[in-house]
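>>> Take a look and give me a structure for this.
(chains A, B, C and D)
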Protein chains: 2
Amino acid sequence: MFSQSEENYIKTIYHLALDSDKGISTNAIAKQLDTKASSVTDMIKKLSEKEVVVYKKYQGVKLTDFGRKVATGIIRKHRLWEVFLVEKLNFSWDEVHEVAEQLEHIKSPKLINELDAFLGYPKHDPHGDPIPDEEGNIHQIEKNLLSVLPKGTVGVCVGVNDSSSDFLKFLDKQGIGLGVEITIIDIEPFDGSLTIEINNKPLSISNKIASNLYIKKI
Amino acid sequence: MFSQSEENYIKTIYHLALDSDKGISTNAIAKQLDTKASSVTDMIKKLSEKEVVVYKKYQGVKLTDFGRKVATGIIRKHRLWEVFLVEKLNFSWDEVHEVAEQLEHIKSPKLINELDAFLGYPKHDPHGDPIPDEEGNIHQIEKNLLSVLPKGTVGVCVGVNDSSSDFLKFLDKQGIGLGVEITIIDIEPFDGSLTIEINNKPLSISNKIASNLYIKKI
DNA sequence: ATTAATTTTTAGACAAGACTAAAAATTAAC
DNA sequence: GTTAATTTTTAGTCTTGTCTAAAAATTAAT
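Have a look, this model is predicted:
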């Protein structure tokens, strides 16, 4: 069906397309995949022939419906494997990405559907991201970046915007994780840093931290 | 470290070396991997440079100690994944091979050791084959092919010599599986076919079947 | 011990996926 | 609306792993 390399391009285009409804530029893909623009052009031609993307020279690419289906299939696998690693194999949320990047390419519909059942049909991965169903439908819950909410807001941490190991380890250190209740005590106008209350203790965090944490109001 | 292709060659050489202590021929490897002898020669050169095998032109190859370690590592992963698929994901023993062939190439020491623990440190895969430990040690239990045992033998099925789907499905159909008790009632001198008793019922099986079933005497 | 058959290796080609360097198209700047 | 800067594409090369066809080495046959 698709090679690992093709799958990585498809997944990347899908993610980049989430925050922009224009065509995705060759350069943006190259940057994300840490490769060269010329390599991207070559691959785009191939994916275009396979009807995964629509491509007009110099105008970026868009996924077709088919391409989107392929992308969500890969993301479904990636996130289910992440749940497996954390729930069953004692991985922490900052350790799962690498391994899931490999596991997402395993081809076996039975495997992934049985895994889904084995895990109890989880709705979210360990970073709070939704797990697409078999048809590619994604149920997004209502959530906001902590940085856009007003003083006094009480909510629960339901996701992160940055899944880098450094950020996740920082959160662990501060006792911040999915399901943890957070209250915005104060917002500093000068630099946008916040004082929040978490586990009944005050904590000061930068605006950058706050703009990578998703909160569900309660 | 090693590419999937390299790993497949290493594994194949290891398996072929089990029943012959001479060098493994280029042709034998080609046949097993369903590829051409010329491709094998090329790969052997590479593996030789990487000190996985010892190679002298026209004389076949042998794994080095290092190569054997690599091979058992791959086999360990393959068999642990097979256990996972059968025990946790409702795969039957004739469905696991394909998927395990993919999963065995996933690179993550933590993954495989946690999986081992999660499965309760199993000693054998779903076909009765032993699972190497982290150091590559393999504990072989005492077993014989059903075809070499005398009339009157009572034993337990502990393994198969052929893991093809056709054979395994045949065994399922006849109620033969790991742990099932078998008594040799009679052996036909003409064609070596056997009458065995299984679950208190007599069953006639060909010599070919018998020479693919491993029995542990009790 | 030559000839014949088989096995193995070389030589040259190809596809996938990546790269560099240069050309072409597009966008931005004045 | 030209010129300049940027982005994208082309052209050509490289590596990995494969193939075919032919040459070389080994083994078998008489």
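
>>> got a pLDDT number for the closest residue to A:V86 other than its chain neighbours?
Among residues not flanking A:V86 along the chain, A:P126 sits closest, at 4.4 Å (C-beta to C-beta, 6 or more residues apart in numbering or on different chains). Every residue, glycine included, has its C-beta placed from N, CA and C. The model reports A:P126 with a pLDDT of 97.

>>> Please verify my assumption that A:P126 contacts A:K88.
No: if you go by C-beta atoms under 8 Å, A:P126 and A:K88 don't touch, sitting 11.8 Å apart.

>>> neighbour count winner among those two?
A:P126 (26 against 15; other C-beta atoms under 10 Å in any protein chain shown).

>>> Look up how far DNA strand C lies from the more buried one.
Taking C-beta to the nearest atom of the strand, to the nearest Å as the measure, A:P126 falls 27 Å from DNA strand C.

>>> my read is that residue is in a strand, agree?
No: judged by DSSP: H, G, I helix; E, B strand; the rest coil, A:P126 forms no part of a strand; its state is coil.

>>> need the residues of chain A near chain B, please.
Applying C-beta under 8 Å from any C-beta of the partner chain, one finds that chain A approaches chain B through A:85, A:88-91, A:95, A:98-99, A:102-103, A:106-108, A:110-111, A:114-115, A:118.

>>> Would you mind listing the buried residues in stretch A:55-74?
Neighbour-count burial for stretch A:55-74 flags A:55, A:60-64, A:67-68, A:70-74 (criterion: 16 or more other C-beta atoms under 10 Å in any protein chain shown).

>>> Quick check: mean pLDDT of the helix or strand hosting A:D42?
Taking DSSP states H and E as the criterion, A:D42 maps to helix A:37-49. For helix A:37-49, mean pLDDT is 96.

>>> Which strands or helices does that helix pack on?
Contacts defined by 3 or more C-beta pairs under 8 Å, 6 or more residues apart in numbering or on different chains; DSSP states H and E place helix A:37-49 against helix A:4-18, helix A:26-33, strand A:53-55, strand A:61-63.

>>> Does anything pack onto the first one? Which helices or strands?
Taking 3+ C-beta pairs under 8 Å, 6+ apart as the contact definition, the neighbouring helices and strands of helix A:4-18 are helix A:26-33, helix A:37-49, strand A:61-63, helix A:65-89.

>>> what's in contact with the first one?
Read it as helix A:26-33. Contacts to helix A:26-33, defined as C-beta atoms under 8 Å, 6 or more residues apart in numbering or on different chains, come from residues A:8-9, A:12-13, A:15-16, A:36-37, A:39-41, A:44, A:60-61.

>>> So what does the residue of chain A most remote from its centre look like in phi/psi?
Distance to the chain centre peaks in chain A at A:F190, reaching 30.4 Å (criterion: C-alpha atoms, centre = their mean). Backbone geometry at A:F190, expressed as degrees, to the nearest 10, gives phi -60, psi -50.

>>> Dump the helices and strands packed on helix A:37-49 to TSV, plus mean pLDDT.
Below are these laid out as TSV (pLDDT from 0 to 100):
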stretch	mean pLDDT
helix A:4-18	97
helix A:26-33	96
strand A:53-55	95
strand A:61-63	96
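
>>> and A:I138, how many neighbours?
By other C-beta under 10 Å, the residues close to A:I138 number 12.

>>> Can you pull the residues of chain A lying near DNA strand D?
Within reach of DNA strand D by C-beta under 7 Å from any atom of the strand, chain A has these residues: A:25-28, A:37-38, A:40-42, A:44-45, A:55, A:57-60.

>>> Pop the domain breakdown of chain A in here.
As assigned by automatic domain parsing, chain A contains the domains A:4-63, A:144-217.

>>> Could you name the stretch from those that's closest to B:L149?
B:L149 lies closest to domain A:4-63 among these, at 47.1 Å (C-beta to C-beta).

>>> B:H78: which of the domains of chain A is closest?
Closest approach to B:H78 among the domains of chain A (C-beta to C-beta): domain A:4-63, 19.3 Å.

>>> with the buried residues of stretch A:55-74 in mind, which one is nearest to B:E51?
A:I74 (36.4 Å).

>>> How about the contacts made by the closest one?
Going by C-beta under 8 Å, 6+ apart, A:I74 touches A:E7, A:I10, A:K11, A:E104, A:H105.

>>> Tell me how far the spatially closest residue to the last one that is not a sequence neighbour lies from A:Q102.
By that I understand A:H105. In space, and not counting its chain neighbours, A:H105 is closest to A:Q4: 4.7 Å by C-beta to C-beta, 6+ apart. For A:Q4, the distance to A:Q102 equals 9 Å [C-beta to C-beta, to the nearest Å].

>>> Quick check on the spatially closest residue to A:S25 that is not a sequence neighbour: phi, psi?
Excluding the flanking residues, the one nearest A:S25 by C-beta to C-beta, 6+ apart is A:G60, at 4.8 Å. When read as degrees, to the nearest 10, the backbone of A:G60 gives phi 80, psi 180.

>>> same deal with A:K143?
Here is the backbone geometry of A:K143 (degrees, to the nearest 10): phi -150, psi 160.

>>> follow-up on the earlier one: how about the residue nearest to A:V86, what does it touch?
So A:P126 contacts A:E82, A:V83, A:L85, A:V86, A:W93, A:V96, A:L178 (C-beta under 8 Å, 6+ apart).

>>> which among those residues gets closest to chain B?
Nearest to chain B among the contacts of A:P126 is A:L85, at 7.4 Å by C-beta to the nearest C-beta.

>>> Which pLDDT value belongs to the closest one?
As predicted, A:L85 sits at a pLDDT of 98.

>>> gap between it and DNA strand C?
A:L85 is 25 Å from DNA strand C, by C-beta to the nearest atom of the strand.
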